[in-house]
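J.: A structural model of the following input is requested.
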Amino acid sequence: MPKWLRNILIVVAAIIALVACIMVVAPPITKAYINRYGEQLLGRKVELEGLKLNVLSGHLKLSDLTLYEDDGKTAFVSFDKFDIKVKLLKLLSRELYIKHLGLDSLSVNLVQDGSDFNFNSLVNHFKSDNSEPDTTPSEPWVLRFYDIKVLHAKVKYNDLQRSKEWDVHDLNIMIPGFVIGTDDGSEAGLTLALADGGTLKIDANVDKTTNDFKVYVDVSQFALSNLKEYISPVLNVSNVDGAVDITASATGNVSDIANATLKGAVRVDSVMLKGVENKFIAGLDNLIIDINQINLGKNIIYVNELAVDGLRGTFERYDDHTNFSALIPQSNSAPDTTLLQPSDTLSVTQSEPLDLKVGHFELKNSQFTYVDHTLPEPFDMKISKIHAESENLTLAGQNAAKLSASLPGGGHLFARWAGRLDDWKQNQDLTAVVKGLDMKQFSPWLLSYFGMPCDDGIFGFTSHNTINSSVLSGNNKIDIYNLELGKRRKDVSPQLNLPLKAALYILKDKDNKILLDVPISGNIDSPEFNYMKLVWKTLQNLLIKVATSPARALGNALGINTNDLTFIAIDEHQRGFSSEQYHQFGDLAKIATYDTTIVLTFDLQVPPTDNDTIVRFRNMHNESLRKYMLEQGVLEDQIVVTTTESTTLKKSGYSITSSLKSVGDIELPDDEL
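T.: Okay, here's the model as predicted:
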């Protein structure tokens with residue numbers, strides 16, 4: 001063997017032996033050094049269980065590392081395994097090339113107390129004592145990161161001043177790679193996998209010459225249960241279920257992020273939200289949003305389609321709260337308004353009005369349940385098969401929509417709307433029709449307001465309301481068939497003292513129907529304007545008018561001119577009644593026989609006299625009147641005949657008034673009499 005070759009082999013063998021020695025000896029030495037002098041290097045106690053190093057391949061493995069808090073007892077950052085592979089020769093050309101970086105079971109504990117964080121001491125430890133900035137130009141570095149994986153990570157955040165904790169478990173992050181520092185465009189990718197379900201993939205590209213960027217986002221079966229830990233500090237939510245799929249892209253310029261354009265599609269499936277005591281709040285089968293364009297800088301939101309299927313909601317009312325108000329956590333501390341305070345460094349500029357367009361909107365197979373626990377008996381009403389639809393919905397133009405739903409007891413609701421959303425006071429047209437609604441459903445409500453339950457009845461309602469330049473004009477038609485109220489409950493104090501039951505006797509026609517017209521009008525800009533108050537006022541006046549003058553109300557309904565029936569003149573010297581007087585008494589008999597709850601009072605008003613003959617004629621008139629009314633079928637308890645003497649009379653005759661047998665148990669409001 002030549003001498004020179006032998007010498008080369010000796011040198012190579014020596015180098016290999018040296019490298020092998022370093023690879024064998026260096027890891028335990030490095031591990032011991034870190035455990036002994038780590039606190040001096042980092043400012044905090046460090047514990048490391050294992051270290052493996054391969055200098056030739058640039059491969060480093062760390063296991064069971066823990067970096068403690070300032071107290072040296074509480075873990076700040078820890079992980080089970082850290083694995084990195086670096087191309088060492090690339091460092092000579094000012095390039096950091098990481099082929100693989102892996103972290104397993106990373107745990108991070110973040111604590112904030114006002115403006116202080118539990119990592120501040122680490123930052124301060126590495127601050128340079130030299131206050132003069134280093135202005136020496138340096139050669140740029142190229143940073144390349146590939147195959148980055150963070151598995152089973154856990155992050156805990158605790159805000160001491162706000163008493164809020166956020167906890168993320170089993171977080172998995174996978175980044176295929178990204179590059180920083182090259183002259184050409186930079187690319188980056190991210191894959192995020194969560195233990196409870198769902199993956200997030202992001203691909204980004206930035207053109208360094210123009211600063212234009214493109215970002216693609218793909219979310220597949222993201223489980224909404226992952227958000228529970230974030231929602232719980234804000235809302236008392238016991239359970240959140242559902243899955244989200246998102247495919248979206250964003251394009252724009254780095255220097256003008258606000259004007260980036262977003263396009264894509266969102267699908268949400270099987271959503272279920274439960275509140276306090278695991279009670280159902282809301283849910284839906286699926287939601288589809290097809291986004292044509294969203295540009296927040298220009299206030300543009302264009303949606304091709306917004307479709308909601310199987311939306312469900314329940315609203316429960318109690319004496320001191322609702323199931324929705326119970327979602328808000330009760331706190332004795334004052335609300336944090338730091339973020340709401342105006343900033344001297346911010347200037348407020350007038351933004352463009354929102355340009356919102358929805359090509360097709362549809363809500364189908366939905367239902368809403370209203371439960372009222374404040375009434376004497378629980379009120380539970382479910383509106384099902386809700387279907388709403390609109391085409392070309394916009395904030396800056398005329399719109400139209402239609403709605404249909406099924407009501408309890410076989411009833412139906414239909415509605416049509418046309419108008420503007422941006423200036424709704426100028427132009428609105430709404431028509432609503434309710435058919436076949438079972439009135440027994442409202443028995444608890446009627447019991448609370450009027451003290452009487454509902455035993456039977458079918459309700460119909462037609463309403464047409466328009467608004468033009470803030471002036472409301474509405475016509476409401478009420479159609480009720482066979483409405484029957486039960487006995488007044490003595491254990492219930494009604495909220496309204498209206499003659500409801502008494503008026504029903506008069507309002508019903510011969511077919512047992514109640515037909516009412518309730519016109520509404522007013523200026524909606526008036527501070528005293530209240531739509532429902534106007535409706536109730538109209539109905540209240542109608543009911544009181546009917547109950548206080550039942551004969552007039554029923555006579556008008558029967559086509560009888562009741563203006564001639566309030567006073568019938570009688571000549572005291574006549575022996576009997578004339579044909580005209582019998583006709584008038586006959587009309588009153590028709591009214592009384594039609595509704596046997598009406599009581600007619602005939603008060604014979606005459607001047608004082610000592611003439612026995614005239615007194616006898618008066619008694620004859622009264623007896624003849626009573627006999628005639630009985631012959632016409634009027635009941636005995638419907639007839640009251642009296643005689644009143646008065647010195648101020650201009651004409652003698654019968655003054656006729658009417659009342660209801662049942663009006664005695666109804667307390668009329670004094671201000672309406």
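
J.: Tell me the pLDDT of residue 46.
T.: Residue 46 carries a pLDDT value of 89.

J.: Residue 64 is in contact with that one, correct?
T.: No. In this structure residue 46 lies outside contact range of residue 64 using C-beta atoms under 8 Å: 11.4 Å. The C-beta positions use only the backbone N, C-alpha and C, and glycine is treated the same way.

J.: who's more crowded, the two?
T.: Using other C-beta atoms under 10 Å, the more surrounded residue of residue 46 and residue 64 is residue 46, with 18 against 14.

J.: Next one: that one from residue 84, what distance?
T.: Here the criterion is C-beta to C-beta, to the nearest Å. By it, residue 46 lies 17 Å from residue 84.

J.: repeat for residue 514
T.: Per C-beta to C-beta, residue 514 is found 84 Å from residue 84.

J.: between those two, who's got more neighbours?
T.: The neighbour count for residue 514 versus residue 84, taken as other C-beta under 10 Å, is higher for residue 514 (19 against 16).

J.: So what pairs up with that one in the strands?
T.: residue 480 (DSSP bridges).

J.: which ones are touching it?
T.: 478, 479, 480, 481, 483, 504, 507, 508 (C-beta atoms under 8 Å, 6 or more residues apart in numbering).

J.: Tell me where the model's unsure across the stretch 101-250 of the chain.
T.: Applying pLDDT under 70 to the stretch 101-250 of the chain flags residues 127-139, 162-164, 166, 168-169, 182-190, 192-197.

J.: residue ranges for the strands of it, please.
T.: Secondary structure of the stretch 101-250 of the chain (DSSP state E, counting those that start in this stretch): strands at 107-113, 116-117, 142-159, 164-180, 186-194, 199-206, 212-223, 239-253.

J.: helices or strands up against the first one?
T.: Contacts of strand 107-113 with other secondary structure elements, assessed using 3 or more C-beta pairs under 8 Å, 6 or more residues apart in numbering; DSSP states H and E, are made with strand 75-86, strand 142-159.

J.: mind giving me TSV with the ones you listed and columns for distance to residue 626?
T.: Below are the helices and strands packed on strand 107-113 laid out as TSV (distance: least, C-beta to C-beta, whole Å):
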stretch	distance to residue 626
strand 75-86	103
strand 142-159	88
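
J.: For residue 615, which of those strands is the nearest?
T.: strand 142-159 (98.0 Å; C-beta to C-beta).

J.: Identify the residues contacting that closest one?
T.: With C-beta under 8 Å, 6+ apart as the criterion, strand 142-159 contacts 94-112, 164-182, 195.

J.: Just the buried subset of those, please.
T.: Among these, those scoring as buried are 95, 97-99, 101-103, 106-109, 111-112, 171, 173-175, 178-179 (criterion: 16 or more other C-beta atoms under 10 Å).

J.: Residue 404 contacts residue 416, doesn't it?
T.: No. Contact criterion C-beta under 8 Å: residue 404 and residue 416 do not qualify, at 9.9 Å.

J.: pretty sure residue 376 is in contact with residue 445, am I right?
T.: No. With contacts counted by C-beta under 8 Å, residue 376 stays clear of residue 445, the gap being 9.8 Å.

J.: Need the strands of the stretch 101-250 of the chain in a markdown table (columns: distance to residue 353).
T.: Formatted as a markdown table, the strands of the stretch 101-250 of the chain follow (distance: least, C-beta to C-beta, whole Å):
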| stretch | distance to residue 353 |
| --- | --- |
| strand 107-113 | 39 |
| strand 116-117 | 41 |
| strand 142-159 | 37 |
| strand 164-180 | 36 |
| strand 186-194 | 36 |
| strand 199-206 | 32 |
| strand 212-223 | 27 |
| strand 239-253 | 22 |
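
J.: what's the spacing between the closest residue in space to residue 513 that isn't next to it in sequence and residue 438?
T.: In space, and not counting its chain neighbours, residue 513 is closest to residue 481: 5.3 Å by C-beta to C-beta, 6 or more residues apart in numbering. Between residue 481 and residue 438 the computed distance is 11 Å (C-beta to C-beta).

J.: so what's in contact with those two at the same time?
T.: By C-beta under 8 Å, 6+ apart, the residues touching both residue 481 and residue 438 are 457, 458.

J.: and residue 123, which of the helices and strands packed on strand 107-113 is closest to it?
T.: The minimum distance between residue 123 and these falls on strand 75-86, with 12.7 Å, by C-beta to C-beta.

J.: Show me the strands paired with that closest one, marking each as parallel or antiparallel.
T.: Strand 75-86 has these strand partners (DSSP bridges): strand 59-68 (antiparallel), strand 95-104 (antiparallel), strand 107-113 (antiparallel).

J.: right, so of these, which gets closest to residue 552?
T.: For residue 552, the closest of those is strand 107-113, at 76.8 Å, according to C-beta to C-beta.

J.: The closest one to strand 142-159, inter-axis angle?
T.: Counting by axes from the mean of the first three to the mean of the last three C-alpha atoms, to 10 degrees, strand 107-113 lies at 60 degrees to strand 142-159.

J.: My guess is residue 291 contacts residue 266. True?
T.: Yes. The pair residue 291 / residue 266 is scored as a contact, 7.2 Å apart, by C-beta under 8 Å.

J.: More neighbours: which of these two?
T.: Between residue 291 and residue 266, counting by other C-beta under 10 Å, residue 291 is the more crowded of the two (20 against 16).
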